[in-house]
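Engineer: build me a model from this:
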Amino acid sequence: MNLRIRRRRFGQLAILSAVTTVSAKFTFKAFAQQSEQIYGVALSSVSKSKTQDSVDAQAANTIPGIILRSLNLATGQVLLTGEMADSGVSNAFEITETVGKALVVNQPSERITDFTILGDRTFVITAVAATKHGDFSRFIYLQPSKKGGMKLQKGLKIKKDKLSKRQTIESLLATTIQGKQLLLSVISLAEGSLPFKLAFIDPKSGQVDSSTGEILPDISPQQRLSNLEQSPSNGKIYATRVGGEDSISLVEIDLVNRAVITGKGKIIKVVELNFDKKPLKNDVADLAFSSSGQLFALADPKSEGSNSLFTVDMRTGAMSFVIKFPVDKIVFARV
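Structural biologist: All right, here's what the predicted structure looks like:
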(Lines give C-alpha, C1' and ligand atoms only; values in the text may rest on other atoms or scores of the structure.)
Protein backbone atom coordinates (compact mmCIF):
# COMPACT_ATOMS: atom_id res chain seq x y z
CA MET A 1 0.00 0.00 0.00
CA ASN A 2 1.36 3.38 -0.97
CA LEU A 3 1.07 6.29 1.41
CA ARG A 4 0.20 9.60 -0.25
CA ILE A 5 2.14 12.50 1.22
CA ARG A 6 0.45 15.84 1.80
CA ARG A 7 2.28 19.14 2.13
CA ARG A 8 2.00 21.14 5.35
CA ARG A 9 3.35 24.39 6.69
CA PHE A 10 6.32 24.62 9.06
CA GLY A 11 5.86 22.70 12.30
CA GLN A 12 2.69 20.85 11.26
CA LEU A 13 2.45 17.08 10.87
CA ALA A 14 0.79 15.46 7.87
CA ILE A 15 -0.80 12.48 9.62
CA LEU A 16 -1.14 9.43 7.40
CA SER A 17 -2.02 6.01 8.79
CA ALA A 18 -2.27 2.67 7.05
CA VAL A 19 -2.42 -0.71 8.78
CA THR A 20 -0.39 -2.90 6.46
CA THR A 21 1.26 -6.29 6.07
CA VAL A 22 4.88 -7.34 5.58
CA SER A 23 4.89 -5.58 2.21
CA ALA A 24 4.14 -2.23 3.85
CA LYS A 25 5.54 0.76 1.98
CA PHE A 26 6.35 4.30 3.02
CA THR A 27 6.33 6.62 0.01
CA PHE A 28 7.48 10.22 0.08
CA LYS A 29 8.01 12.89 -2.53
CA ALA A 30 11.49 14.40 -2.81
CA PHE A 31 11.21 18.17 -2.87
CA ALA A 32 13.60 20.19 -4.99
CA GLN A 33 14.62 22.44 -2.07
CA GLN A 34 15.40 19.50 0.19
CA SER A 35 18.91 19.66 1.69
CA GLU A 36 18.77 17.56 4.85
CA GLN A 37 16.18 14.87 5.45
CA ILE A 38 15.97 13.40 8.93
CA TYR A 39 13.94 10.33 9.82
CA GLY A 40 12.35 9.51 13.15
CA VAL A 41 10.69 6.34 14.38
CA ALA A 42 8.22 5.66 17.19
CA LEU A 43 5.99 2.83 18.35
CA SER A 44 2.43 2.63 17.06
CA SER A 45 -0.36 3.22 19.58
CA VAL A 46 -1.19 -0.50 19.53
CA SER A 47 2.38 -1.50 20.38
CA LYS A 48 2.57 1.16 23.08
CA SER A 49 -0.49 -0.31 24.77
CA LYS A 50 1.02 -3.79 25.23
CA THR A 51 2.17 -4.52 28.79
CA GLN A 52 4.77 -6.94 30.12
CA ASP A 53 2.17 -9.09 31.86
CA SER A 54 0.03 -9.39 28.71
CA VAL A 55 2.66 -10.83 26.33
CA ASP A 56 4.77 -13.98 26.37
CA ALA A 57 7.90 -15.38 24.70
CA GLN A 58 6.16 -15.28 21.31
CA ALA A 59 6.97 -11.57 21.30
CA ALA A 60 10.47 -12.61 20.23
CA ASN A 61 8.97 -13.80 16.94
CA THR A 62 7.15 -10.58 16.12
CA ILE A 63 8.19 -7.01 15.41
CA PRO A 64 6.12 -4.15 16.81
CA GLY A 65 4.02 -1.71 14.86
CA ILE A 66 5.99 1.44 14.07
CA ILE A 67 5.41 5.00 12.93
CA LEU A 68 7.97 6.51 10.57
CA ARG A 69 8.30 10.28 10.18
CA SER A 70 10.64 12.46 8.18
CA LEU A 71 11.12 16.17 7.76
CA ASN A 72 13.22 18.64 5.84
CA LEU A 73 15.40 20.52 8.31
CA ALA A 74 16.02 23.37 5.89
CA THR A 75 12.31 24.24 5.67
CA GLY A 76 10.80 22.48 8.67
CA GLN A 77 8.42 20.77 6.24
CA VAL A 78 7.12 17.34 7.21
CA LEU A 79 7.61 14.95 4.30
CA LEU A 80 6.15 11.77 5.71
CA THR A 81 4.16 10.26 8.54
CA GLY A 82 3.31 6.61 7.96
CA GLU A 83 2.29 3.68 10.16
CA MET A 84 3.04 0.00 9.74
CA ALA A 85 1.33 -2.80 11.66
CA ASP A 86 3.25 -5.47 13.57
CA SER A 87 4.36 -8.62 11.74
CA GLY A 88 6.53 -11.72 12.10
CA VAL A 89 10.30 -12.22 12.03
CA SER A 90 12.04 -14.19 9.29
CA ASN A 91 13.84 -16.55 11.71
CA ALA A 92 10.94 -17.59 13.94
CA PHE A 93 12.02 -21.23 13.53
CA GLU A 94 15.16 -20.61 15.62
CA ILE A 95 15.06 -21.45 19.32
CA THR A 96 14.04 -18.57 21.59
CA GLU A 97 16.20 -18.34 24.71
CA THR A 98 13.86 -17.66 27.64
CA VAL A 99 14.39 -16.86 31.30
CA GLY A 100 11.60 -16.69 33.86
CA LYS A 101 11.04 -13.49 35.84
CA ALA A 102 10.17 -13.62 39.51
CA LEU A 103 8.31 -10.32 39.27
CA VAL A 104 6.31 -9.09 36.30
CA VAL A 105 5.07 -5.50 36.37
CA ASN A 106 2.19 -3.89 34.54
CA GLN A 107 4.39 -1.59 32.44
CA PRO A 108 4.82 -1.12 28.68
CA SER A 109 6.39 -4.11 26.99
CA GLU A 110 7.78 -2.63 23.79
CA ARG A 111 10.47 0.02 23.40
CA ILE A 112 12.61 1.16 20.46
CA THR A 113 16.26 1.32 21.48
CA ASP A 114 17.94 2.65 18.32
CA PHE A 115 17.75 3.53 14.65
CA THR A 116 20.67 3.41 12.18
CA ILE A 117 21.35 3.12 8.45
CA LEU A 118 23.59 0.69 6.55
CA GLY A 119 25.89 1.53 3.66
CA ASP A 120 23.28 0.41 1.10
CA ARG A 121 20.75 2.83 2.69
CA THR A 122 18.85 0.06 4.47
CA PHE A 123 17.44 1.38 7.74
CA VAL A 124 17.74 -0.80 10.85
CA ILE A 125 15.54 -0.32 13.92
CA THR A 126 16.17 -2.15 17.19
CA ALA A 127 13.16 -2.99 19.35
CA VAL A 128 13.09 -4.73 22.73
CA ALA A 129 10.06 -6.59 24.11
CA ALA A 130 9.87 -7.15 27.87
CA THR A 131 7.85 -10.24 28.83
CA LYS A 132 7.40 -12.58 31.79
CA HIS A 133 9.70 -15.03 29.98
CA GLY A 134 12.57 -12.58 29.41
CA ASP A 135 13.39 -9.57 27.25
CA PHE A 136 13.94 -10.01 23.52
CA SER A 137 15.74 -7.81 20.97
CA ARG A 138 14.73 -7.72 17.30
CA PHE A 139 15.99 -5.90 14.22
CA ILE A 140 13.56 -4.28 11.76
CA TYR A 141 14.97 -3.66 8.27
CA LEU A 142 13.41 -0.97 6.07
CA GLN A 143 14.71 -0.66 2.52
CA PRO A 144 14.23 2.11 -0.08
CA SER A 145 11.99 1.01 -2.96
CA LYS A 146 12.63 1.65 -6.65
CA LYS A 147 9.85 4.25 -6.68
CA GLY A 148 11.64 6.37 -4.08
CA GLY A 149 9.68 5.15 -1.06
CA MET A 150 10.49 2.58 1.58
CA LYS A 151 9.28 -0.92 2.40
CA LEU A 152 9.74 -3.46 5.17
CA GLN A 153 12.46 -5.89 4.15
CA LYS A 154 12.40 -8.24 7.15
CA GLY A 155 12.34 -8.63 10.91
CA LEU A 156 15.03 -10.60 12.71
CA LYS A 157 15.15 -11.77 16.33
CA ILE A 158 18.61 -11.46 17.85
CA LYS A 159 20.42 -14.42 19.37
CA LYS A 160 21.58 -13.98 22.93
CA ASP A 161 25.07 -14.57 24.27
CA LYS A 162 25.41 -18.02 25.83
CA LEU A 163 26.73 -16.41 29.02
CA SER A 164 23.76 -14.07 29.47
CA LYS A 165 20.14 -14.83 28.67
CA ARG A 166 19.11 -11.42 30.05
CA GLN A 167 20.95 -9.27 27.50
CA THR A 168 19.25 -6.64 25.36
CA ILE A 169 20.55 -4.36 22.61
CA GLU A 170 20.38 -0.77 23.84
CA SER A 171 22.22 1.17 21.11
CA LEU A 172 23.24 0.54 17.53
CA LEU A 173 25.58 2.06 14.93
CA ALA A 174 26.36 0.77 11.44
CA THR A 175 30.10 1.06 10.82
CA THR A 176 32.95 -0.66 8.96
CA ILE A 177 35.71 -2.43 10.91
CA GLN A 178 38.60 -4.22 9.24
CA GLY A 179 36.75 -4.14 5.92
CA LYS A 180 33.55 -5.64 7.34
CA GLN A 181 30.27 -3.81 7.76
CA LEU A 182 29.12 -4.47 11.31
CA LEU A 183 26.70 -3.06 13.85
CA LEU A 184 28.52 -1.60 16.83
CA SER A 185 26.19 -2.18 19.75
CA VAL A 186 25.82 -1.32 23.41
CA ILE A 187 24.42 -4.39 25.15
CA SER A 188 22.84 -4.48 28.58
CA LEU A 189 23.54 -7.68 30.49
CA ALA A 190 20.51 -7.14 32.74
CA GLU A 191 17.53 -6.33 30.52
CA GLY A 192 18.24 -2.61 30.12
CA SER A 193 20.09 -2.09 33.41
CA LEU A 194 23.76 -2.08 34.45
CA PRO A 195 26.23 -3.49 33.56
CA PHE A 196 26.79 -2.76 29.86
CA LYS A 197 29.28 -3.93 27.24
CA LEU A 198 30.21 -3.08 23.66
CA ALA A 199 30.02 -5.68 20.91
CA PHE A 200 29.98 -5.96 17.13
CA ILE A 201 26.96 -7.71 15.60
CA ASP A 202 26.68 -9.18 12.12
CA PRO A 203 23.77 -7.31 10.47
CA LYS A 204 22.81 -10.33 8.36
CA SER A 205 22.64 -13.00 11.07
CA GLY A 206 22.14 -11.00 14.25
CA GLN A 207 25.01 -12.86 15.91
CA VAL A 208 27.86 -11.26 17.85
CA ASP A 209 31.01 -11.05 15.70
CA SER A 210 33.79 -12.35 17.96
CA SER A 211 36.59 -11.78 15.42
CA THR A 212 36.69 -8.01 16.00
CA GLY A 213 35.40 -7.58 19.55
CA GLU A 214 38.83 -7.61 21.19
CA ILE A 215 39.46 -3.97 20.21
CA LEU A 216 36.39 -2.63 22.02
CA PRO A 217 36.89 -0.74 25.31
CA ASP A 218 35.35 -1.91 28.56
CA ILE A 219 32.46 0.07 30.07
CA SER A 220 32.65 0.83 33.79
CA PRO A 221 30.10 -1.27 35.76
CA GLN A 222 28.76 1.99 37.26
CA GLN A 223 28.20 3.75 33.92
CA ARG A 224 25.63 3.59 31.16
CA LEU A 225 26.71 4.17 27.55
CA SER A 226 24.12 4.93 24.86
CA ASN A 227 23.25 6.84 21.67
CA LEU A 228 26.11 5.66 19.43
CA GLU A 229 26.77 7.92 16.43
CA GLN A 230 29.61 8.48 13.93
CA SER A 231 30.68 11.84 12.55
CA PRO A 232 30.88 12.05 8.72
CA SER A 233 33.45 14.84 9.11
CA ASN A 234 36.19 13.04 11.06
CA GLY A 235 34.95 9.44 11.25
CA LYS A 236 35.01 9.48 15.05
CA ILE A 237 32.43 7.53 17.03
CA TYR A 238 30.56 9.30 19.81
CA ALA A 239 28.03 8.35 22.49
CA THR A 240 26.52 9.66 25.70
CA ARG A 241 27.62 8.44 29.11
CA VAL A 242 25.71 8.54 32.38
CA GLY A 243 27.00 7.56 35.81
CA GLY A 244 30.02 7.94 38.06
CA GLU A 245 31.10 11.50 38.81
CA ASP A 246 29.90 12.92 35.48
CA SER A 247 26.46 14.26 34.65
CA ILE A 248 25.35 13.56 31.04
CA SER A 249 28.54 13.57 28.98
CA LEU A 250 29.32 13.33 25.29
CA VAL A 251 32.18 10.84 24.90
CA GLU A 252 34.34 9.59 22.05
CA ILE A 253 34.91 5.87 21.50
CA ASP A 254 38.45 5.80 20.11
CA LEU A 255 39.16 2.51 18.31
CA VAL A 256 42.27 3.85 16.56
CA ASN A 257 44.58 4.98 19.38
CA ARG A 258 44.17 1.86 21.47
CA ALA A 259 45.86 1.04 24.76
CA VAL A 260 49.37 -0.37 24.30
CA ILE A 261 49.04 -3.20 26.82
CA THR A 262 45.48 -4.40 26.26
CA GLY A 263 45.02 -3.36 22.64
CA LYS A 264 41.54 -2.10 23.53
CA GLY A 265 40.04 1.19 22.43
CA LYS A 266 39.41 4.08 24.79
CA ILE A 267 36.34 5.99 25.98
CA ILE A 268 37.26 9.68 26.17
CA LYS A 269 35.11 12.41 27.68
CA VAL A 270 34.45 15.26 25.23
CA VAL A 271 32.08 17.62 27.07
CA GLU A 272 29.13 17.68 29.47
CA LEU A 273 25.78 18.37 27.83
CA ASN A 274 23.68 21.31 28.99
CA PHE A 275 20.49 23.18 28.13
CA ASP A 276 19.63 26.76 29.15
CA LYS A 277 23.07 26.90 30.80
CA LYS A 278 22.12 24.06 33.15
CA PRO A 279 23.43 20.46 33.10
CA LEU A 280 20.98 17.94 31.70
CA LYS A 281 19.09 15.96 34.33
CA ASN A 282 18.25 13.06 32.00
CA ASP A 283 20.02 11.45 29.08
CA VAL A 284 19.06 12.46 25.54
CA ALA A 285 16.88 10.06 23.56
CA ASP A 286 19.27 9.91 20.60
CA LEU A 287 22.09 11.57 18.66
CA ALA A 288 22.50 12.06 14.90
CA PHE A 289 25.03 13.84 12.66
CA SER A 290 23.96 15.75 9.55
CA SER A 291 26.01 15.39 6.37
CA SER A 292 27.82 18.63 7.24
CA GLY A 293 28.96 17.24 10.59
CA GLN A 294 26.49 19.13 12.78
CA LEU A 295 25.49 17.05 15.80
CA PHE A 296 21.80 16.90 16.69
CA ALA A 297 20.17 15.54 19.83
CA LEU A 298 16.66 14.25 20.32
CA ALA A 299 15.58 15.11 23.85
CA ASP A 300 12.91 16.35 26.25
CA PRO A 301 14.92 18.49 28.70
CA LYS A 302 11.83 20.29 30.05
CA SER A 303 9.92 17.02 30.67
CA GLU A 304 7.09 18.07 28.35
CA GLY A 305 6.24 14.49 27.42
CA SER A 306 7.37 14.82 23.79
CA ASN A 307 10.80 14.94 22.17
CA SER A 308 12.31 17.79 20.16
CA LEU A 309 15.39 18.26 18.00
CA PHE A 310 18.35 20.28 19.30
CA THR A 311 21.70 21.21 17.81
CA VAL A 312 24.69 20.38 20.01
CA ASP A 313 27.78 22.57 20.29
CA MET A 314 30.55 20.01 20.68
CA ARG A 315 32.88 22.59 22.22
CA THR A 316 30.58 23.73 25.02
CA GLY A 317 27.97 20.97 25.16
CA ALA A 318 25.18 23.57 24.79
CA MET A 319 21.96 22.31 23.21
CA SER A 320 19.78 24.71 21.18
CA PHE A 321 16.15 24.03 20.28
CA VAL A 322 15.34 23.45 16.59
CA ILE A 323 11.86 21.97 16.21
CA LYS A 324 9.39 19.63 17.89
CA PHE A 325 9.80 16.07 16.62
CA PRO A 326 7.61 13.50 18.46
CA VAL A 327 9.66 10.35 17.82
CA ASP A 328 11.80 7.96 19.90
CA LYS A 329 14.92 7.69 17.71
CA ILE A 330 16.42 9.58 14.75
CA VAL A 331 18.79 9.12 11.82
CA PHE A 332 19.77 11.22 8.80
CA ALA A 333 19.24 9.82 5.33
CA ARG A 334 22.42 9.30 3.34
CA VAL A 335 22.71 11.08 0.01
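Engineer: drop to CA atoms for contacts and neighbour counts, all remaining ones
Structural biologist: OK.
Engineer: where does the nearest residue to Ser308 once chain neighbours are set aside land on pLDDT?
Structural biologist: Excluding its sequence neighbours, the residue lying closest to Ser308 (C-alpha to C-alpha, 6 or more residues apart in numbering) is Lys324, at 4.1 Å. Per-residue confidence (pLDDT) for Lys324: 95.
Engineer: can you check Lys160 too?
Structural biologist: 85.
Engineer: quick one: contacts for it?
Structural biologist: Counting by C-alpha atoms under 8 Å, 6 or more residues apart in numbering, Lys160 touches 97, 166-167, 207.
Engineer: greatest separation within the residues you listed: which pair is it?
Structural biologist: Within those, Arg166 and Gln207 form the most distant pair, 15.4 Å apart (C-alpha to C-alpha).
Engineer: more crowded one of the two?
Structural biologist: Higher neighbour count among Arg166 and Gln207: Arg166, with 20 against 15, using other C-alpha atoms under 10 Å.
Engineer: wait, a strand at the more buried one?
Structural biologist: No: applying DSSP: H, G, I helix; E, B strand; the rest coil, one finds Arg166 to be coil, outside a strand.
Engineer: ok, Ile248 to Phe93 distance?
Structural biologist: In this structure, Ile248 and Phe93 are 41 Å apart, going by C-alpha to C-alpha, to the nearest Å.
Engineer: which residues does the closest residue to Met319 other than its chain neighbours bridge with?
Structural biologist: Spatial nearest neighbour of Met319, excluding adjacent residues (C-alpha to C-alpha, 6+ apart): Val312 at 4.6 Å. Taking DSSP bridges, one obtains Leu295, Met319 as the residues bridged to Val312.
Engineer: can you give me every residue that contacts Val312?
Structural biologist: Per C-alpha under 8 Å, 6+ apart, neighbours of Val312: 294-297, 318-320.
Engineer: from Glu170, how far off is it?
Structural biologist: 22 Å.
Engineer: same check, this time on Ala102
Structural biologist: 23 Å.
Engineer: and the contacts of Val312 as JSON lines, adding pLDDT, distance to Thr62 and neighbour count?
Structural biologist: As requested, those are arranged in JSON lines below (pLDDT from 0 to 100; distance: C-alpha to C-alpha, whole Å; neighbours: other C-alpha atoms under 10 Å):
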{"residue": "Gln294", "pLDDT": "96", "distance to Thr62": "36", "neighbour count": "15"}
{"residue": "Leu295", "pLDDT": "98", "distance to Thr62": "33", "neighbour count": "19"}
{"residue": "Phe296", "pLDDT": "98", "distance to Thr62": "31", "neighbour count": "23"}
{"residue": "Ala297", "pLDDT": "98", "distance to Thr62": "29", "neighbour count": "24"}
{"residue": "Ala318", "pLDDT": "98", "distance to Thr62": "40", "neighbour count": "20"}
{"residue": "Met319", "pLDDT": "98", "distance to Thr62": "37", "neighbour count": "23"}
{"residue": "Ser320", "pLDDT": "97", "distance to Thr62": "38", "neighbour count": "16"}
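Engineer: off-centre distance for stretch 216-235?
Structural biologist: Once both centres are worked out by C-alpha atoms, centre = their mean, to the nearest Å, stretch 216-235 turns out to sit 13 Å from its chain's centre.
Engineer: which residues touch it?
Structural biologist: Against stretch 216-235 from outside (C-alpha under 8 Å, 6+ apart): 114, 170-173, 185-186, 194-199, 236-244, 253, 255, 264-267, 285-293.
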